[in-house]
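**Q** Sequence and computational prediction follow.
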Amino acid sequence: MTMLDMARPGAQTPDGEIYLDYQATTPCDPRVVDEMLPWFTTHFANPHSVDHAAGRRVHDAVEISRVRVAALLGAQAREVVFTSGATEANNLAIKGAVRHLLSTGTARRRVITVATEHKCVLESVRDLRAEGCEPVIVPVGADGRLDPDVLHRALEVPTLLVSIMMANNETGVMHDMAALAPLVRRAGALLHSDLAQAVGKVAVDVRALDLDLASVSAHKMYGPKGVGALFVRRRPRVRLAALFSGGGQERGLRSGTLPAPLLIGFGAACDIAMREMAGDAARGRMLRDHLLHLLRAGCPGVEVNGDMEHRLPTNLNLRFADATALDIMARAPELCVSTGSACSSAEVVPSYVLTAMGLDAAQAARSLRLAVGRYTSRADMDRAAQILCRAAAGGA
Amino acid sequence: MDVRAWNCVQDGMMAHIVFVERDGTRREVAAPLGLSVLEIAHKNGVDLEGACEGSLACATCHVVVDPQWAEKLTPPTEDEEDMLDLAFGLEKTSRLGCQIVMTEALDGLVVRLPRTS
């Protein structure tokens, strides 16, 4: 038995399903949980209660987490603002930066993002229309990537901010940030990136990417749900109008008592990612490619949606020849997979990410998102391929 | 104040600075080389608070530098930026008056008092 065949904690759910929805969330790494536990009970003080030793102890532990998060991003600790997750970080980045710029009397009004962004980015950008901004949603190609020429043309009108995710949450497709970032810089706009799906899976360096703002989520990288962070560049300074009124925590950018146990878990998860990311990625890629190989052999007509080369090493977005994703999921209850799109009353609303890539509603309905992770085994892949091929062929 | 700046003050070398007050009034005042914009404001009764007296611990001497002059100033340090984070009515060329020290090159400098609402 090789390492790959060994069952690891979290590979399967308690009821024996194979979990292949690592882009929705990841299990907490048991090492992360171990680090968190004392901070719920023994060291429970408010991290902002720096008047006493118990509070300072928690404060110091939270600051160590800030250093760990910053290290994984290639940032300074002072550039990390803790939030409740990537949704809040994205809202704070986009609305906060744009509102601040508007308050300085700029004539710029355009805010650009991409058709395949997460809902919270698209909605944040659209919401700014009510404040006098001009939202522009640029399209992607069939491969799911943003063409730099398309962005270049959108930037011909003076722009406040551009938001481009590094890796997509449905397809795992990665944009060519190295080609896109200089266009934004030259146009004098701010660049924000939603890094929720990328951090911990691929190397990320906010300086190399030349980002002004970047959002991260703990639960996408084996940390706890309920915390995340926003990177806010200090030199040159990026300023934000806060969303919350309150006690002025997080340098006034995000009022509210910090959830110390969760943040300590977030820091631990970042620390583990620093050390194990390369191995996780290599192993994940091997497992994913093995699954794809088995599916191509046993499941005629299966296609991959989106660019296969520029993609997270752990993701697949598959399009089946005949069966719909809903049928496959119904026939394969032993798999935890998803369509990545909103479902209501058994009727699938086609994924806007896939339709933005040119798929029609029927093709989108036949598409399934799978992602492997730290606790996926080779045996899981063999079994998942068998189950998927049977389900796609119509068998329960 | 460093020795060179002090010598300038002793020598009585003068430049001029224009304060644009909140009602739009332009006040041109003498600006001894080596003094800060905050100090010059105080000498001339310009309404710039400066609660920490130039120790970089507040943002109450916030001024908005005329965009044509902003480029000519030494860029703000991180400590100044940290304090500017707390200022009201921040603009692109906002600075702290205590951190702008008059030199010959800044003769004619135009700074505006920030909007209060």
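**A** Perfect, thanks for sending it. None of these values were measured; they are calculated from a predicted model.
**Q** Return the nearest residue of the stretch 251-396 of chain A with respect to chain B.
**A** Per CB to the nearest CB, residue A:251 is where the stretch 251-396 of chain A lies closest to chain B, at 6.5 Å. Where C-beta positions appear, they are placed from N, C-alpha and C, glycine not excepted.
**Q** What is the neighbour count of the nearest residue to that residue once chain neighbours are set aside?
**A** Leaving aside its chain neighbours, residue A:251 sits nearest to residue B:85 (6.5 Å; criterion: CB to CB, 6 or more residues apart in numbering or on different chains). Other residues lying near residue B:85 total 16 when counted by other CB atoms under 10 Å in any protein chain shown.
**Q** what ranges do the helices span in the stretch 51-200 of chain A?
**A** Assigned by DSSP state H, counting those that start in this stretch, the stretch 51-200 of chain A shows helices spanning A:53-73, A:86-91, A:97-103, A:119-127, A:148-154, A:177-186.
**Q** Tell me which of the ones you listed lies nearest to chain B.
**A** Here helix A:97-103 is closest among the helices of the stretch 51-200 of chain A (CB to the nearest CB), at 7.3 Å.
**Q** Can you redo the helices of the stretch 51-200 of chain A as TSV, where the extra columns are distance to chain B, mean pLDDT and mean neighbour count?
**A** Below are the helices of the stretch 51-200 of chain A laid out as TSV (distance: least, CB to the nearest CB, whole Å; pLDDT from 0 to 100; neighbours: other CB atoms under 10 Å in any protein chain shown):
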stretch	distance to chain B	mean pLDDT	mean neighbour count
helix A:53-73	15	98	19
helix A:86-91	18	98	26
helix A:97-103	7	96	20
helix A:119-127	22	97	19
helix A:148-154	23	98	15
helix A:177-186	17	98	17
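**Q** out of those, nearest to residue A:140?
**A** With distances scored as CB to CB, the stretch of the helices of the stretch 51-200 of chain A nearest to residue A:140 is helix A:148-154 (8.4 Å).
**Q** Need the contact partners of that closest one.
**A** Contacting residues not belonging to helix A:148-154 are listed as A:110, A:112, A:136, A:138, A:139, A:162, A:176, A:179, A:180, A:183, A:184 [CB atoms under 8 Å, 6 or more residues apart in numbering or on different chains].
**Q** so which of the residues you listed comes closest to residue A:13?
**A** residue A:176 (36.6 Å).
**Q** Pretty sure residue A:309 is one of the things that closest one touches, is it not?
**A** No - with contact defined as CB atoms under 8 Å, residue A:176 does not reach residue A:309; the gap is 11.2 Å.
**Q** Report the contact partners of the closest residue to residue B:98 other than its chain neighbours.
**A** Distances taken as CB to CB, 6+ apart place residue B:54 nearest to residue B:98, at 3.7 Å, with adjacent residues excluded. Going by CB under 8 Å, 6+ apart, residue B:54 touches B:36, B:38, B:39, B:61, B:98.
**Q** State the next helix or strand along the chain beyond whichever strand or helix holds residue A:290.
**A** Per DSSP states H and E: residue A:290 is located in helix A:260-298. Counting by DSSP H and E, the next helix or strand C-terminal to helix A:260-298 is strand A:303-304.
**Q** Pull the residues that contact the helix or strand just after that following strand.
**A** Later in the chain than strand A:303-304, the nearest helix or strand by DSSP H and E is strand A:315-319. Strand A:315-319 is contacted by residues A:23, A:170-172, A:288, A:291-292, A:295, A:302-306, A:340, A:354, A:359, A:363, A:366-371 when judged by CB under 8 Å, 6+ apart.
**Q** any idea of the angle strand A:315-319 forms with helix A:260-298?
**A** Counting by axes from the mean of the first three to the mean of the last three CA atoms, to 10 degrees, strand A:315-319 points 40 degrees away from the direction of helix A:260-298.
**Q** Report the buried residues of the next helix or strand after strand A:315-319.
**A** Downstream of strand A:315-319, the next assigned helix or strand under DSSP H and E is helix A:325-331. Neighbour counts over helix A:325-331 (16 or more other CB atoms under 10 Å in any protein chain shown) mark A:325, A:326, A:327, A:328, A:329, A:331 as buried.
**Q** for the chain, which spans come out with low pLDDT?
**A** No chain was given, so I picked chain A. Filtered on pLDDT under 70, chain A yields the residue ranges A:1-12, A:341-348, A:396.
**Q** hm, I was asking about chain B
**A** B:1-12, B:117.
**Q** Point out the residues in it that sit beside chain A.
**A** Residues of chain B lying near chain A by CB under 8 Å from any CB of the partner chain: B:78, B:81, B:84, B:85, B:86, B:89, B:90, B:91, B:92.
**Q** Of those, which belong to helices?
**A** Under the assignment DSSP state H, the residues of chain B next to chain A contribute B:78, B:81, B:84 to helices.
**Q** returning to what we had before: now the two most distant members of the contacts of helix A:148-154.
**A** The largest separation in those, counting by CB to CB, is between A:110 and A:176 at 21.5 Å.
**Q** Between these two, tell me which one has more neighbours.
**A** Of the pair residue A:110 and residue A:176, residue A:110 is the one with more neighbours under other CB under 10 Å, namely 19 against 13.
**Q** What is the neighbour count of the residue lying closest to the more buried one once chain neighbours are set aside?
**A** Distances taken as CB to CB, 6+ apart place residue A:159 nearest to residue A:110, at 4.2 Å, with adjacent residues excluded. Using other CB under 10 Å, residue A:159 is surrounded by 22 other residues.
**Q** tell me the secondary structure for residue A:374?
**A** With DSSP: H, G, I helix; E, B strand; the rest coil as the basis, residue A:374 sits in coil.
**Q** Now it. Nearest residue, chain neighbours left out?
**A** Spatially, and ignoring its direct neighbours in sequence, residue A:374 is nearest to residue A:280 (5.7 Å; CB to CB, 6+ apart).
**Q** wait, what's in contact with the one you found?
**A** A:200, A:201, A:273, A:373, A:374.
**Q** host element of the nearest residue to residue B:58 once chain neighbours are set aside?
**A** Excluding the flanking residues, the one nearest residue B:58 by CB to CB, 6+ apart is residue B:52, at 4.3 Å. Assigned by DSSP H and E, residue B:52 falls within no helix or strand.
**Q** quick one on the thing from earlier: chain center to the helix holding residue A:290, what's the gap?
**A** How far helix A:260-298 lies from its chain's middle: 13 Å, per CA atoms, centre = their mean, to the nearest Å.
**Q** Name the residues of that helix that are buried.
**A** Buried residues in helix A:260-298, counting neighbours by 16+ other CB under 10 Å, are found at A:260-273, A:277, A:280-281, A:283-284, A:287-288, A:290-292, A:294-295.
**Q** what angle do that helix and helix A:53-73 make?
**A** Counting by the same axes, to 10 degrees, helix A:260-298 points 30 degrees away from the direction of helix A:53-73.
**Q** Quickly note the distance from residue A:247 to chain B.
**A** Shown here: residue A:247 relative to chain B, a distance of 14 Å by CB to the nearest CB, to the nearest Å.
**Q** show me the contacts for that residue.
**A** Neighbouring residues of residue A:247 by CB under 8 Å, 6+ apart: A:48, A:255, A:256, A:257.
**Q** Apply 6 Å and report the result again.
**A** Residues near residue A:247 by CB atoms under 6 Å, 6 or more residues apart in numbering or on different chains: residue A:255.
**Q** Backbone dihedrals for it, please?
**A** phi -80, psi 0 (degrees, to the nearest 10).
**Q** For residue B:70, see how far away it is.
**A** Residue A:247 is 33 Å from residue B:70, where distance means CB to CB, to the nearest Å.
**Q** can you list the residues of chain A near chain B?
**A** When proximity is defined by CB under 6 Å from any CB of the partner chain, chain A lies next to chain B at A:104, A:237.
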